[in-house]
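K.L.:
Quick one: sequence plus predicted model below, questions after.
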Amino acid sequence: MTFDGAVIKEQGVTFAIVIVKSHILNSSHLIDEARTDFSSHFPGMPLILMAQNSRGVPTYQGRKDIVNFLSKIDYRRIPWKRYTV
């Protein structure tokens with residue numbers, strides 16, 4: 001399995017972001033499933049899920065303070081990496 005994500009340290013908090021398909025953010029069951037699947041790759045870190053709409057506009061789901069921070073920055077500045085597990 002491969003996925004795109006990033007680990008960021010900001011204001012003393014280290015957290016992970018994982019890109020998911022947009023339909024995942026529309027279902028609490030799928031959100032929980034994605035969190036379970038990806039959290040093992042980022043142990044002990046808050047996990048943020050990100051999806052993009054057809055125009056590339058990101059939507060974030062997760063801890064509110066981190067989501068608020070991410071909503072104010074250009075997602076292209078995030079150091080994305082492709083993970084293979």
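P.N.:
Okay, I see it.

K.L.:
From now on I want contacts and neighbour counts done on CA atoms only, so please keep to that.
P.N.:
Noted.

K.L.:
Distance of the nearest residue to Ser22 once chain neighbours are set aside relative to Ile31?
P.N.:
In space, Ser22 comes closest to Ala51 once its chain neighbours are excluded; the distance is 4.9 Å by CA to CA, 6 or more residues apart in numbering. Distance, Ala51 to Ile31, using CA to CA, to the nearest Å: 11 Å.

K.L.:
what residues are shared contacts of these two?
P.N.:
With contacts defined as CA atoms under 8 Å, 6 or more residues apart in numbering, the residues adjacent to both Ala51 and Ile31 are Leu25.

K.L.:
in the helix or strand hosting the residue nearest to Ser22, what's buried?
P.N.:
Secondary structure assignment for Ala51, by DSSP states H and E: strand 47-52. Neighbour counts over strand 47-52 (16 or more other CA atoms under 10 Å) mark 47-51 as buried.

K.L.:
Helices along this structure, start to end?
P.N.:
Along the chain, the segments classed as helices by DSSP state H run 28-39, 64-71.

K.L.:
looking at those, which is closest to Lys81?
P.N.:
Set against Lys81 and scored by CA to CA, these come closest in helix 28-39, at 14.3 Å.

K.L.:
contacting residues around that closest one?
P.N.:
18, 24-25, 45, 47, 49.

K.L.:
Stretch 57-64 too?
P.N.:
Under CA under 8 Å, 6+ apart, the answer for stretch 57-64 is 25, 46-53, 67, 70-71, 75.

K.L.:
redo that, cut-off 7 Å
P.N.:
47-52, 67 (CA atoms under 7 Å, 6 or more residues apart in numbering).
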